[in-house]
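*Asks:* Sequence first, predicted model second:
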Amino acid sequence: MKRRSFLMTALGTGGALIVGWCFVPPRSRMGARDTLPLRQDAVSLNGWVRIDRDGDVVVAMPRSEMGQGVHTALPMLVAEELDVPLARVRIEQAPLDAIYGNVAVLVGSLPFHPDQRNRARVRASEWIVAKIGRELGLQITGGSSSVRDAWLPMRRAGAAARAMLIEAAARTWKVTAGECIVVDGAVQHLGGRRLQFGQLVAALREVPLPGEVTLKDPQRFRLIGSPAARLDVPDKVNGRARYGIDARLPGMLYAAVRTCPTLGGALRSFDGDAALGMPGVVRVSAFSSAAGCAPGVAVVANSWWRASQALGAVRVDWDLGPHARLDSAALLADMRAALGADPGVTLYQRGKGEVALLDAVHVFGADYSAPYLAHATMEPMNCTAQWEGGRLRIWAPTQVPSILRDVAARAAGIDADRVEVNVTLLGGGFGRRLEVDFVPQAVWLARDVSPAPVQLIWSREEDMTRDFYRPAALARMRAGLNSRRMPFVWVTRTVSDAVVPQYLARAYPSLAVDMPDRTTVEGLFDQSYEFAHRQCSHVTYRSPVPVGYWRSVGHSHNAFFTESFIDELAYEAKTDPYDFRRLLLARHSRYRTLLEYAAFKAGWGRAPSGRAQGIAMHESFGSIVAQVAEVSVARGAIRVHRVVCAVDCGTLINPDIIAQQMESGVVFGLSAALYGEITVKDGRVEQRNFPQYEMLRMADAPLVETYFLPDGDAPPGGIGEVGTPPIAPAVANAVFRLTGQRLRSLPLRLQP
Amino acid sequence: MQLNVNGSPAEVDAEPAMPLLWVLRDLLDLTGTKFGCGIGACGACTVLIDGRAARSCVVMARDAAGRDIRTIESVGGAVLRALQQAWIERQVPQCGYCQSGMLMAAAALLAQSATPSDEQIDAAMTNICRCGTYQRVRAAIKLAARSVPRTL
């Protein structure tokens, strides 16, 4: 019990100060009217809502759209409370202000088991972290937290705006507010008079912000819960959508970079003379390392192709560095040795922990492994920067504008308030765009060619070999069984690198601390199967391969370990894997119901001939997803035909976007389960482009069906990542049923 | 060098070996066509050349000269319009980055085969979508196939 609160220890160091500060009420997230940039022909009602003269409602958008639908889901929250059609809502990038900071992502990172959810100590920790989060104002899009975070603040902002619109109309008509209602983007008086929102702009300037706001009764929701069409889709089918790579500025130049071929290497010297003589080339520069980027050379030219052609003519003398012999097979062997020898740090314990294995009639164990993985967003890393008059302007597809601003300011040697960050659409994120390693490169190049703006684009080869990979991980899973062969002890030991300390050290070197990392054991300690005794230990294995957040983070591999091992235990108990899971969830009806729903929808036990079903369930980011995969094997290849997803994510905001995210999470997880593997040889990442790092394509994509267990009383859970963790074990479990081969390593490879 | 892009002649200052992708993006500011891999492996840069799908990152400018180049920014084609409508109807895009290429590949497919089978769709649509929109792409192609005017 004692060591569970590993992260809280760090947060608790300032204990006494915090106690006093706790009596100050948490900072409001409504925001003042001047939080938003003032406009002549418009009026801001709070930090989130502006009404334009034409009656459009402009919503401040502090989160990045990377496919997960947040540029639709968040406006829906405001539009619902404001009773305005979604089509009348436009979004504008929010300024960098504390009210927009993501609080939920921090609360979600606390190391608690879902069973502890309502305990006073847990609630107190969450309250304190939320309070800290409101001060930090970190604009992060990640951790499947955007809707969870915006759920109350953006609805409150919409409700406050509605109250002000009503008050403005009431004053105009000299009637009481109680006689007015909002209908379809206009205020209407009982007598039938109407004023469009746009007609109230002047009157609104005189209306004060309301002290208290009343949110709608969820029974009256009309938009929330509906499959409203995404606001970003029309521009994504006609080429108008603007990603980072599409920024176009007058006089803009383009830059291509080549970094040291080995991990941890350096640049000794370079000769750019030949490159400088090539068509369109403006400059050849070298750059050093910052924010995790590797040292290398850059060519700036008047087209990206010319820059990349000239890059080939730059002669570089590399210092291949201390890891020039690095080999991932050797790394793996080293990790395997650590798995056997090092007891690691216990990050979670319940009951007697590992010691309870002594009470078991039988101990069953198995070892698993998962490789490094690249993100491979379709839009390669890029950043556009302009340095002029001591100020920096940046256009970037980023998940972290506030961190990006700090890193850019450090690279430029200026104060953060002299940096302007424009967030573009993201051509995929998946955690890769939590990193800002490409930003110092763009900043330094912008300084070199100032005042011309420069657009830095990485080649696919740079993107793939200079990623922050999902850590490779090994797991030793053990269970203690009773005389009926039912498990009552759950013991896991894993070996992997730790993401969180590495990330912090890259973004904020002054915060670099070595601390236990919850993400290493998430998915192992926090599932709801009922074991009286549990212990989850972890060995942090530092390797020169940089690691980062990859869609669903620790859950991405730990779900494979957990749900495969549960399946093995079912066969040990000679019980159907579905029935077995139900037995282990006897006191967890929410989970059991979801599992039963998935099995019912999939027709569990009735796979078409030649195919087998596999089942897996996993909770992550506040939602539970159960999946049944229907699999066949032909000529040694695993083929997934159909995946049934049952989702319990609390209140549904937009069921069609949730279905999209299930389809997306499954395909993303399947690419990894069937093909994904990053390997290192001679200090170099071997996979450099798509043929070597293969993706699931149309011909092999399964049909994904999504079903909901709506829970209108629960707040919304996360969605963007939760479809990914269960798919690999669901498929592996089906493969076992079909072939008798228990595949314990990712990617899944059948023995001939 | 003169290219014929979206029905209009365009004079570009391009080296003969410059890939069409970069001519479109950097010289003509037609940014709807995307860069994904640079080796013709992902399909994000797919355009139509004389009605057939081509990966513009591996087509040299000199080989595109004198031919009919169509990008996602082209307007007026009934097939592309039907596809775009179907893409909206089926809510296909997520991040959307690969969708220009998907749409152009689908336009080439429908131009060849008015009602493609699943096998024809599998064979023609080899573009990578990291968001996993494949099943919606398939559904949208079938929807568009039903709505394209038969006079084509």
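*Replies:* All right, it came through fine.
*Asks:* before we move on, what SS does residue A:420 have?
*Replies:* The three-state label given to residue A:420 by DSSP: H, G, I helix; E, B strand; the rest coil is strand.
*Asks:* how's chain B carved up into domains?
*Replies:* Following automatic domain parsing, one gets these domains for chain B: B:2-70, B:78-147.
*Asks:* any idea whether residue A:291 is helix, strand or coil?
*Replies:* Assignment for residue A:291 (three-state DSSP): coil.
*Asks:* For chain B, which residue gets nearest to chain A?
*Replies:* residue B:32 (2.2 Å; C-beta to the nearest C-beta). The way it works is simple: take the backbone N, C-alpha and C, and place the C-beta from them, glycine included.
*Asks:* measure that residue to residue B:24 for me?
*Replies:* Relative to residue B:24, residue B:32 is positioned 8 Å away (C-beta to C-beta, to the nearest Å).
*Asks:* Quick check: buried residues in the strand or helix carrying residue A:124?
*Replies:* Assigned by DSSP states H and E, residue A:124 belongs to helix A:120-136. Within helix A:120-136, the residues that count as buried by 16 or more other C-beta atoms under 10 Å in any protein chain shown are A:122, A:125, A:126, A:128, A:129, A:131, A:132, A:133, A:134.
*Asks:* cool, stretch A:108-123 as well?
*Replies:* For stretch A:108-123, using 16+ other C-beta under 10 Å, the buried residues are A:108, A:109, A:110, A:111, A:112, A:113, A:116, A:122.
*Asks:* Pick the one among those closest to chain B.
*Replies:* Out of these, the member with the shortest distance to chain B (by C-beta to the nearest C-beta) is residue A:108, at 22.2 Å.
*Asks:* wait, the closest one sits on residue A:553?
*Replies:* No. Here residue A:108 lies out of contact with residue A:553, judged by C-beta atoms under 8 Å, at a distance of 11.0 Å.
*Asks:* distance of the residue nearest to the spatial centre of chain B from residue A:202?
*Replies:* Relative to the mean C-alpha position of chain B, the nearest C-alpha, by C-alpha atoms, centre = their mean, is the one of residue B:104, at 2.1 Å. Look at residue B:104 and residue A:202: by C-beta to C-beta, they are 48 Å apart.
*Asks:* Pop out the phi and psi values for residue A:276.
*Replies:* Backbone torsions for residue A:276, taken as degrees, to the nearest 10, come to phi -60, psi -30.
*Asks:* any weak-confidence spans in the chain?
*Replies:* Let's take chain A. For chain A, applying pLDDT under 70 flags the ranges A:1-22.
*Asks:* actually chain B
*Replies:* B:149-152.
*Asks:* 90 instead?
*Replies:* For chain B, applying pLDDT under 90 flags the ranges B:75-77, B:147-152.
*Asks:* Now do the contacts for the closest residue to chain B within the stretch 401-550 of chain A.
*Replies:* Closest contact between the stretch 401-550 of chain A and chain B, by C-beta to the nearest C-beta, is at residue A:427 (3.1 Å). When contacts are counted by C-beta atoms under 8 Å, 6 or more residues apart in numbering or on different chains, residue A:427 touches A:66, A:243-245, A:377-379, A:397, B:34, B:95-98.
*Asks:* bridging residues for residue A:495?
*Replies:* Here residue A:495 shows beta-bridge partners residue A:474, residue A:539, assigned using DSSP bridges.
*Asks:* Test my guess that it contacts residue A:542.
*Replies:* No. At 11.0 Å, residue A:495 and residue A:542 do not qualify as touching, with contact defined as C-beta under 8 Å.
*Asks:* Neighbour count: the two, which is higher?
*Replies:* Shown here are residue A:495 and residue A:542; by other C-beta atoms under 10 Å in any protein chain shown, residue A:495 has more neighbours (27 against 11).
*Asks:* how about that one, what does it touch?
*Replies:* By C-beta under 8 Å, 6+ apart, residue A:495 lies in contact with A:335, A:336, A:338, A:339, A:342, A:344, A:473, A:474, A:475, A:538, A:539, A:541.
*Asks:* returning to what we had before: which of the domains of chain B is buried the deepest?
*Replies:* domain B:78-147 (a mean of 22; mean count of other C-beta atoms under 10 Å in any protein chain shown).
*Asks:* First-to-last residue distance for that domain?
*Replies:* Using C-alpha to C-alpha, to the nearest Å, one end of domain B:78-147 lies 10 Å from the other.
*Asks:* Ok, stretch A:413-427 next?
*Replies:* Using C-alpha to C-alpha, first and last residues of stretch A:413-427 are 30 Å apart.
*Asks:* Show me which residues of the stretch 201-350 of chain A sit near chain B.
*Replies:* A:229-230, A:232-234, A:236-243, A:245-246, A:248, A:254, A:279, A:302-306 (C-beta under 8 Å from any C-beta of the partner chain).
*Asks:* what do you get if the cut-off is 6 Å, keeping everything else the same?
*Replies:* Counting by C-beta under 6 Å from any C-beta of the partner chain, the stretch 201-350 of chain A comes close to chain B at A:233, A:236, A:237, A:239, A:241, A:246, A:248, A:303, A:304, A:305.
*Asks:* just to revisit the earlier point, which residues are in contact with the residue nearest to the centre of chain B?
*Replies:* B:46, B:47, B:48 (C-beta atoms under 6 Å, 6 or more residues apart in numbering or on different chains).
*Asks:* Just name the closest of these to residue A:266, please.
*Replies:* Proximity of the contacts of residue B:104 to residue A:266 (C-beta to C-beta) peaks at residue B:46, which lies at 39.1 Å.
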